[in-house]
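Participant: Below: sequence and its predicted model.
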Amino acid sequence: PIRMLAEIMRQRLHQKLVEKDRVARQVDCYYQAFEPACLVVQVSGKNAFQSAEFALSVLRNAREFGFSDAEVEAGRNVVEAQLGLGYEAAPTLAKRLDRAAVLEKPNLSGNEKILLQKVNAKYLQALAKEYFQTISWGLVGDTTKVDRKSLLRL
């Protein structure tokens with residue numbers, strides 16, 4: 001479900017920042033599973049400050065207002081396709097089965113699609129409220145023309 005949340009956020013951020021407002025060139029969002037577990041959002045653009053402001057606005061809206069059923073279905077389809085491609089490769093499947101056996105978690109050994117079918121918009125909004133409580137961010141590149149007060153306000 002968290003990978004599904006990351007995919008939905010990637011789609012939403014791409015639509016808003018790249019296609020609609022054109023403040024960014026590229027957006028990526030993925031779930032980083034190892035400690036500390038977190039959702040990583042990467043936005044590339046000419047005006048990184050404006051892109052960060054817009055991205056934070058999208059994240060706040062997702063936390064407050066949740067997701068539509070169409071977004072949930074689109075995210076589910078993408079994650080199910082990724083899972084299916086992962087099962088195509090025997091080494092990948094073997095690693096997943098070994099990992100599930102070590103962790104004693106049978107739901108990691110092929111039942112992901114069943115779990116994804118149970119995820120709905122309300123569940124994803126609860127995940128968003130949990131994961132969007134603290135946001136750490138950084139700018140990479142030239143920040144000489146960025147107003148420091150604006151950076152602090154952001």
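Facilitator: Structure's in. What do you need? Since the model is a prediction, treat every value here as computed from it, not as a measurement.
Participant: how close does Gln15 sit to Ser57?
Facilitator: Computed as Cβ to Cβ, to the nearest Å, the Gln15 to Ser57 distance reads 13 Å. Every C-beta, even on glycine, is put in place using the N, C-alpha and C of the backbone.
Participant: ok, so what distance separates Lys144 from Phe34?
Facilitator: Just to correct that, residue 144 is Thr rather than Lys. Applying Cβ to Cβ to Thr144 and Phe34 gives a distance of 34 Å.
Participant: What of Val119?
Facilitator: Taken as Cβ to Cβ, the span from Val119 to Phe34 is 22 Å.
Participant: Looking at these two, which has the bigger crowd around it?
Facilitator: Summary of the neighbour comparison: Val119 and Phe34, criterion other Cβ atoms under 10 Å, with Val119 having more neighbours (18 against 6).
Participant: Just the buried residues of stretch 52-66, please?
Facilitator: Of the residues in stretch 52-66, those scored as buried under the neighbour-count criterion (16 or more other Cβ atoms under 10 Å) are 52, 54-55, 58-59, 62-63, 66.
Participant: residues in contact with Ala74?
Facilitator: Contacts of Ala74 were listed using Cβ atoms under 8 Å, 6 or more residues apart in numbering, and they are 8, 11.
Participant: Which strand or helix spans it?
Facilitator: Under DSSP states H and E, the secondary-structure element containing Ala74 is helix 69-88.
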